[in-house]
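**Q** Predicted model, plus sequence, below.
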Amino acid sequence: MAVCHQCGNDYDKAFTVTMHGEEHTYDCFECAIQDLAPTCSHCDCKVIGHGVETDDGIYCCAHCATHAGAVSIKDRE
């Protein structure tokens, strides 16, 4: 069994994620998201989709990027 990097649970179905050359072990996707997903620079939610990236940060959507001052940003239609 392996111990979850985020919550410490010792779980027989844990999995490993390699990010930036470092391995992290998790017992569920929720723990992996909480630990590894970036946070929206405007609303502080976890960005679990593609998000929107500007020179000033990463955002969960174009709405948040626009509210933070980004221009010419729009969600896919």
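**A** Looks like it came in fine.

**Q** Every contact and neighbour count from this point should use C-alpha atoms.
**A** OK.

**Q** Provide a list of residues in contact with the most centrally placed residue in the chain.
**A** Nearest residue to the geometric centre of the chain (Cα atoms, centre = their mean): Ala37, 1.5 Å. Ala37 sits next to 46-48 when contact means Cα atoms under 8 Å, 6 or more residues apart in numbering.

**Q** Just the element for the nearest residue to Thr16 once chain neighbours are set aside, please.
**A** In space, and not counting its chain neighbours, Thr16 is closest to Thr25: 4.3 Å by Cα to Cα, 6 or more residues apart in numbering. Using DSSP states H and E, Thr25 maps to strand 22-26.

**Q** following that strand, which helix or strand shows up next?
**A** Next along from strand 22-26, by DSSP H and E: helix 29-36.

**Q** any idea of the mean pLDDT for that following helix?
**A** What helix 29-36 shows for mean pLDDT is 97.

**Q** now that helix: how far from the chain's centre is it?
**A** Mean-position distance between helix 29-36 and its chain equals 7 Å (Cα atoms, centre = their mean, to the nearest Å).

**Q** okay, the angle between that helix and strand 22-26?
**A** 140 degrees (axes from the mean of the first three to the mean of the last three Cα atoms, to 10 degrees).

**Q** from the chain's centre, how far out does the helix or strand immediately after helix 29-36 in the chain sit?
**A** Later in the chain than helix 29-36, the nearest helix or strand by DSSP H and E is strand 52-54. Once both centres are worked out by Cα atoms, centre = their mean, strand 52-54 turns out to sit 13 Å from its chain's centre.

**Q** Fine by me, thanks again.
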